[in-house]
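1. What follows is a predicted protein model with its sequence.
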Amino acid sequence: MVEGNGLLAALRPQELALLAPHLSAIDFDKESILFDAGEIVRFAYFPRWSAIAGFTVVVEDGQAVETLMVGMEGAIGGMVSQGYLPAYARCSVLHPGSFYRISLAELDRLKGQAIQLGHLFNRYADCVMAQVFQSVACNATHTIEERAAKWLCATVERTGMNYVDMTQEQIASMMGIGRSYASRVLQRLKADSLIKTRRGGIEILAPDRLRAHACSCNAMVSRHFETVLGGVYPDPS
């Protein structure tokens, strides 16, 4: 039985039955690297349940900035392209857990057998682009505190847990800000009794109130996911 990934759950039983025998479940620890920048991507990964992976881009001064987070709603690696291509960014595990893995050669072969597989991944690629576009707009227009609340809420929504297993350094990298700046933002959220920091992680004390502090970017991206992936299969009528 294939379970724990929302993108795979969007497949009809016949396409899922075609794909399932070629999926292998693998557990990854936190900070495991799925592929690095410049490497040829040979596998697609589907995070399951609370597992999360993120993409990191290194800028001119050597700072590593997280650019995209993917949880059980999606997939990583070669969704649209045919054949092997080099990765532009490093992809590593932000929250440990189980991932399904399939070779891109096998996935491309299956796409040739079932056109709906290709349709699903093309639609998902559109959702990823929407997430990137929204992130660019968010970084340009929203405050650091709004972005921090948004990011924490997105992590809680993906993991289903009110605990974020990340250090302040990792959160600063995710947001592209300095550690001291991230620390001040987290202190303000603590002062409002929204979060509690622990060694190596952050506990979310009031998810609903934290969501009220966040910008609307998560909700906008979620609506696009529902609209685009909800239309994977045409209405039979």
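-> Received it, and whenever you're ready, just let me know what you need.
2. hey, let's count contacts and neighbours off CA atoms from now on
-> Fine.
3. Now Gly38: phi and psi?
-> The phi and psi values for Gly38, taken as degrees, to the nearest 10, are phi 90, psi -20.
4. doesn't Gln14 make contact with Leu8?
-> No: the pair Leu8 / Gln14 is not scored as a contact, 11.9 Å apart, by CA atoms under 8 Å.
5. Between the two, which is the more surrounded one?
-> For Leu8 and Gln14, the more surrounded residue by other CA atoms under 10 Å is Leu8, and the numbers stand at 23 against 9.
6. ok, and the closest non-adjacent residue to the more buried one?
-> Residue nearest to Leu8 in three dimensions, not counting chain neighbours: Leu16, with 7.2 Å by CA to CA, 6 or more residues apart in numbering.
7. Helices of the chain, start to end?
-> Ranges of helices within the chain are 6-9, 13-19, 104-113, 115-141, 144-159, 168-175, 179-191, 207-213, 217-229, based on DSSP state H.
8. Which among the ones you listed is found nearest to Leu68?
-> Leu68 sits nearest to helix 115-141 of all those, at 7.0 Å, using CA to CA.
9. average pLDDT for the closest one?
-> Confidence over helix 115-141 (mean pLDDT, whole number) is 92.
10. How is this structure partitioned into domains?
-> What the record gives for the chain is the domain set 6-115, 140-218, from automatic domain parsing.
11. For Asn122, find the nearest of those.
-> Closest among the domains of the chain, using CA to CA: domain 6-115, at 5.8 Å.
12. Work out the gap between the closest one and the centre of the chain.
-> Taking the mean of its C-alpha atoms, domain 6-115 sits 10 Å from the chain's own mean (CA atoms, centre = their mean, to the nearest Å).
13. What of stretch 156-176?
-> Here stretch 156-176 shows a centroid-to-chain-centroid distance of 12 Å under the convention CA atoms, centre = their mean.
14. repeat for stretch 187-205
-> Distance of stretch 187-205 from the chain centroid (CA atoms, centre = their mean) equals 22 Å.
15. hang on, the earlier thing: wait, which of the domains of the chain is closest to Met129?
-> Taking CA to CA as the criterion, Met129 comes closest to domain 6-115 out of those, the separation being 10.1 Å.
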